[in-house]
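1. missing the sequence, but the structure's below:
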């Protein structure tokens, strides 16, 4: 069996693939731009490191594409269990960065197992719901087990503490539960439970998490403190105006007014340089990926492909939307990177893997009919 | 393998749910674009400015203030470089050690220095803080020698106001001081920065807009830590314009010299157009101490001085004009046909009105006098007899024609408008009814009459020039640093005083006899060859407490105020002078001598008068030459 035969190549979603390449390229350009117009060093360590991450991410992507996703689903529980173990390890003796234990260090590169859990989770849930298929819809009782699959890593990640990732993991899980066919009555009960749990959760939050939410509601209250990030980000975005300040002229990033200008706030960096027009271009590119993703999910012939694709699409969409909403002040600051665009390896690998899963499903949609 | 997985595909409900998600996602993307549109298009300009302000720090460079000069270009007020010890915190390694060293070197209190540094802590660290202002050359050399031990400290040269003549005319030129937060909020000071100094009083205040110039700007691009990086854009400061006053330098100097040991004011003015030739108010103060914020101690000393050195007594002080008011009374009486100039009227030592007795200043007065003599000798009882017939309101009307009791409109701040009583005004202001007897006091310039020296000298100018009332002015022209004429002041005619020429001439004749006749009250003010006319005045500060006026035994502040106001020459008058000598030791006659010296000096400069040549007869014999000046004698009124 050839690794990639013609039939697969025919169903390979090139539009999605090249759009991802386009965003990645734009991301590298933007990374240069964030260093300032007068920056001479072409081999900037930031850029080089990111390019290396791209190569690794593409390699992982191709590995995932070559393996039939059904085969991966077979091993889903093992993968899930392994990542859960890594999270536990990180929790127990993780390196402390920014007051949080999230990282596993591999020489010069380090990664966050909590990010990998997003991929592990969609496989595990796809496997579960395919195994216990129920076309009439799942009752509350029937989703206790998949709910446990979701909530255990979510709680552990929240303990790291990484509330943002924890909530995203929870959200991705709920999306799969939703499209798998949870009964409306069960949904209603869960919603009520969430409404009650919300205020209770508030008291469990760390003070900096509380302040992030409070500051989101009133950023001007603490201009130089916790509100600083949101305000500086909005200033950067707004200052871009229609056509932007131009490549390398994003003063908010080059003069270090923007916090996390390469990672969480890369979108603001980009918006000041390229303005509303540049913003529309980037958003359009994401929208293309998401539309292609919906098409793949919609056209999936098998339930496992449908659920897995839905989950993968959920990862990319959530990341993109949450990040952009956060930088324009529509959501509290949570550490979520912009897919294919932000500097950083782990998130790139995760997002690329999600794309790989979608491409994988797209390629193999006629496999069982041949 | 296939048994484990469904072969049934996807249900309609599941596809529906994907559709729901797709709709939500599309909606969220729309919200995102709307938000971007709001931030970048609608509020883009606002955020653009914010980003720009984020990245630039503006340092203002104060523009040197313009000079204040005499009409002939002699300097009254200018700028000089001061040496100041400053520190740039970002360059200092051990602040406390070096500050300790500096305090020992300069003999300054260490705690005060530290306080100064801490006060400016909110400034970006690269911005210099001035620690010790205006050090002497000796201190400067001390600093230079020990420079190596004072890293981050340096000498900053800053222009400061310089007053070469110290106290002379300080109230007229005014002082400057750091702008206060309250002043910064005022609309007219919109062009100022918080580090600026502004004119607080006098000409410095009145012509602040011109003197100030345009501040420069130094823009520094900084990063989020406030560290400067790269570009510095400089907007050069534009020097303030120079102010040429109407003042005559040597006349001003002389006036100050004559007045500086007294409390009072002197003004010399050109009666033909209102040009102020000299104006002094004494005692004075050194405005230098104000230029960088005056110390509490000095401020209190000035404020608590009961001779009010800050007040410009020439315009801000209104007091009883005393007998100088008789010229006004005479004009009124003549115009109302109450008297004729030549008509002789009996004037005794006292004048009775009902039960009240009014005294003449000279108890030996007992003869018939005409108007000229009544003015020359300042006969009170003559004027009392007019007073009973004239009525206060008619008298006030004539005083007002001469500009008394109203602001002259001089280009200096804080002018006092004085007070000329009428029945209504006195009731409104003091809630008192008018008594006939008060008119008798008013006609000799007592009771409610309040007049400022500038009003008086302008009124006498109007008499001198035949009836034209002018607005007095201090400013000749304003010239920008590059020689452009920005503003030129032209004499402003206010009105004719509307009194017949022959009456004015009659009063003028009387005024001349004050000096020229031997019985005149200002014989000691005679100028040989020049008809110097004027009127002395003595105004009681309080009336009843000291029934016998014994100059040696009453407290200084209860002593009478002495006036002299006059003009010269009689025909084509060139100068009008007023001298106010408050709580004077010697009365009006002395004030007249001061006025005479000012007039002499001015006429000599103009080539209209030469000092009499003194024969050097006695010098060979080694004998001391006697002063040609008449000795000061007690002459009042």
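-> The structure has been received and is ready for your questions. Because the structure is a prediction, the values reported are computed rather than measured. Numbering: from 1, shown residues only, chains lettered A, B, ... in the order given.
2. contacts and neighbour counts: CA atoms only from here.
-> Will do.
3. Those residues of the stretch 151-300 of chain A touching chain B, which are they?
-> A:178-181, A:234-242, A:251-252, A:255-257, A:275-276, A:279-280, A:294, A:298 (C-alpha under 8 Å from any C-alpha of the partner chain).
4. Go again with 6 Å.
-> Selection of the stretch 151-300 of chain A residues close to chain B by C-alpha under 6 Å from any C-alpha of the partner chain yields A:179, A:235, A:238, A:239, A:241, A:255, A:256, A:257.
5. List the contacts of the helix or strand in which the first one is found.
-> Here residue A:179 sits within helix A:163-181, counting by DSSP states H and E. The set of residues that contact helix A:163-181 without belonging to it, under C-alpha atoms under 6 Å, 6 or more residues apart in numbering or on different chains, is A:118, A:137, A:150, A:154, A:157, A:158, A:311, A:314, A:334, B:14, B:17.
6. can we see that at 7 Å?
-> Helix A:163-181 is contacted from outside by A:118, A:129, A:137-138, A:150-151, A:154-155, A:157-158, A:307, A:310-311, A:314-315, A:334-336, B:14, B:17-18, using C-alpha atoms under 7 Å, 6 or more residues apart in numbering or on different chains.
7. what bits of the chain have low per-residue confidence?
-> If you meant another chain, say so; for now it's chain A. A:1-7, A:36-42, A:93-110, A:212, A:215-227, A:256, A:366-370 (pLDDT under 70).
8. oops, I was thinking of chain B
-> Chain B contains residues with pLDDT under 70 at B:1-8, B:54-58, B:121-127, B:220-233, B:292, B:542-553, B:585-589, B:614-637.
9. which helices and strands does the helix or strand just after the helix holding residue A:179 pack with?
-> Once helix A:163-181 ends, the next helix or strand along the chain (criterion: DSSP H and E) is helix A:184-204. Here helix A:184-204 touches no other helix or strand, going by 3 or more C-alpha pairs under 7 Å, 6 or more residues apart in numbering or on different chains; DSSP states H and E.
10. Give the closest residue to residue B:495 in space, chain neighbours not counted.
-> residue B:469 (5.4 Å; C-alpha to C-alpha, 6 or more residues apart in numbering or on different chains).
11. I'd like to know which of the residues of the stretch 151-300 of chain A next to chain B are part of helices.
-> Taking DSSP state H, the ones among these that sit in helices are A:179, A:235, A:238, A:239.
12. shouldn't the third one be in contact with residue B:50?
-> No - when contacts are counted by C-alpha atoms under 7 Å, residue A:238 is not listed as touching residue B:50 (9.3 Å).
13. name the helices or strands packed onto whichever strand or helix holds residue B:594?
-> Counting by DSSP H and E, the secondary-structure element that holds residue B:594 is helix B:588-605. With contacts taken as 3+ C-alpha pairs under 7 Å, 6+ apart, helix B:588-605 sits against helix B:249-259, strand B:533-539, strand B:561-568, strand B:575-582.
14. and the direction of that helix versus that of helix B:249-259, what angle?
-> With axes from the mean of the first three to the mean of the last three C-alpha atoms, to 10 degrees defining the directions, helix B:588-605 sits at 160 degrees from helix B:249-259.
15. How about helix B:588-605, which residues are buried there?
-> For helix B:588-605, burial by neighbour count (16 or more other C-alpha atoms under 10 Å in any protein chain shown) applies to B:588-603.
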